[in-house]
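K.L.:
Requesting a structural model of the entry that follows:
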Amino acid sequence: MKKVLFACPSYGPIDPAVVVGHRCVVAHAAKHGVDWVGDISLDGVKISTIDSARNRIVERALKTDADAIFWCDSDIVLPVDTVSRMAAEDKDFITGLYFQRYPPHFPVVGKYDADFHGVNWFVSWPEQTLAPADLCGFGCVWTSLAMLRQMESPYFAFAEMSEDFTFCQQAMRKGFQLYVDTGIECEHIGRPKAVTKEDFRAAWATLQTGKASMSDGSAA
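P.N.:
Here you go, the predicted structure:
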């Protein structure tokens with residue numbers, strides 16, 4: 001069985017749907033090859049910033065004999081088999097799919113655009129498979145301790161990009177490949193409702209229709 005640490009840095013009360021989802025994921029994984037060896041979540045408010053919280057989590061994890069950390073955000077509702085799938089895939093660095101709150105709700109995973117220091121967000125992907133990627137948010141992520149031991153502190157830092165993208169860049173420089181498991185589709189808690197893949201698909205279709213109208217002059 002793989003020894004896994006649970007990490008969910010938060011900034012206050014967590015939506016009940018998220019809490020229930022986390023508990024179901026933990027229970028499911030415990031029956032499918034995961035030995036949960038601790039919860040090393042930190043309160044981001046007490047640590048002052050999210051990068052500090054994440055770095056403290058890594059520092060704590062490196063003092064254990066765990067095999068991996070499963071990271072999730074406090075506003076992500078997880079599919080019940082999330083960690084079970086990740087544990088079975090035997091990769092160092094895996095993310096699930098979750099979607100931005102604002103239209104067109106791109107997945108928070110993409111390819112790094114070195115020329116423009118930006119991100120080309122995924123807009124299409126193969127179903128139910130592992131696909132290579134460069135960058136992801138840390139809303140639903142598996143990191144092996146073997147990978148973390150080869151990386152350098154600070155692991156997370158606000159530099160050219162967000163703290164989680166900086167982590168991805170460092171992992172890439174160390175020769176580690178990020179994979180997205182496209183069968184793990186999470187909900188991103190928002191208002192008035194959680195954002196899902198269906199929201200992205202609808203927004204993307206609308207955006208593409210608008211571009212077509214502009215190109216053929218029908219919007220004039």
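K.L.:
Quick check: Glu163 touching Ala157?
P.N.:
Yes. Contact criterion CB atoms under 8 Å: Glu163 and Ala157 qualify, at 5.9 Å. Where C-beta positions appear, they are placed from N, C-alpha and C, glycine not excepted.
K.L.:
Spit out the residues that contact the two alike.
P.N.:
Asp51 (CB atoms under 8 Å, 6 or more residues apart in numbering).
K.L.:
who's in contact with the longest strand along the chain?
P.N.:
Identified as the longest strand of the chain according to DSSP state E is strand 178-185. Strand 178-185 has contacts (CB under 8 Å, 6+ apart) with 78-79, 81-82, 85-86, 89, 91, 93-98, 107, 109, 122, 125-136, 140, 168, 171-172, 196-197.
K.L.:
That one: how far from the chain's middle?
P.N.:
9 Å (CA atoms, centre = their mean, to the nearest Å).
K.L.:
quick one: which helix or strand includes Val26?
P.N.:
Assigned by DSSP states H and E, Val26 belongs to helix 16-30.
K.L.:
and the very next helix or strand once past that helix, what does it pack onto?
P.N.:
Sequence order places strand 34-39 as the next helix or strand after helix 16-30, per DSSP H and E. Helices and strands touching strand 34-39, by 3 or more CB pairs under 8 Å, 6 or more residues apart in numbering; DSSP states H and E, are strand 2-7, helix 16-30, helix 82-89.
K.L.:
Could you name the stretch from these that's closest to Gly44?
P.N.:
strand 2-7 (11.5 Å; CB to CB).
K.L.:
List the buried residues for the helix holding Val26?
P.N.:
18, 21-22, 24-26, 28-29 (16 or more other CB atoms under 10 Å).
K.L.:
Serialize those residues to a markdown table and add fields for distance to Gly12 and pLDDT.
P.N.:
As requested, those are exported to a markdown table (distance: CB to CB, whole Å; pLDDT from 0 to 100):
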| residue | distance to Gly12 | pLDDT |
| --- | --- | --- |
| Val18 | 12 | 93 |
| Gly21 | 18 | 94 |
| His22 | 16 | 95 |
| Cys24 | 22 | 97 |
| Val25 | 21 | 97 |
| Val26 | 21 | 97 |
| His28 | 27 | 98 |
| Ala29 | 26 | 98 |
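K.L.:
Could you point out which of the residues you listed is nearest to Gly190?
P.N.:
Nearest to Gly190, judged by CB to CB, of the buried residues of helix 16-30 is Val18 at 12.0 Å.
K.L.:
correct me, but that closest one touches Cys186?
P.N.:
No. Counting by CB under 8 Å, Val18 does not reach Cys186; the two are 10.1 Å apart.
K.L.:
what's the overlap in contacts for those two?
P.N.:
With CB under 8 Å, 6+ apart as the test, Val18 and Cys186 both reach 76-77.
K.L.:
any idea which helix or strand carries Glu198?
P.N.:
Using DSSP H and E, Glu198 falls in helix 197-216.
K.L.:
mean confidence for that helix?
P.N.:
Helix 197-216 shows a mean pLDDT of 77.
K.L.:
Stretch 101-119 now?
P.N.:
Rounded mean pLDDT across stretch 101-119 is 84.
K.L.:
pLDDT value on Ile47, please?
P.N.:
For Ile47, pLDDT reads 70.
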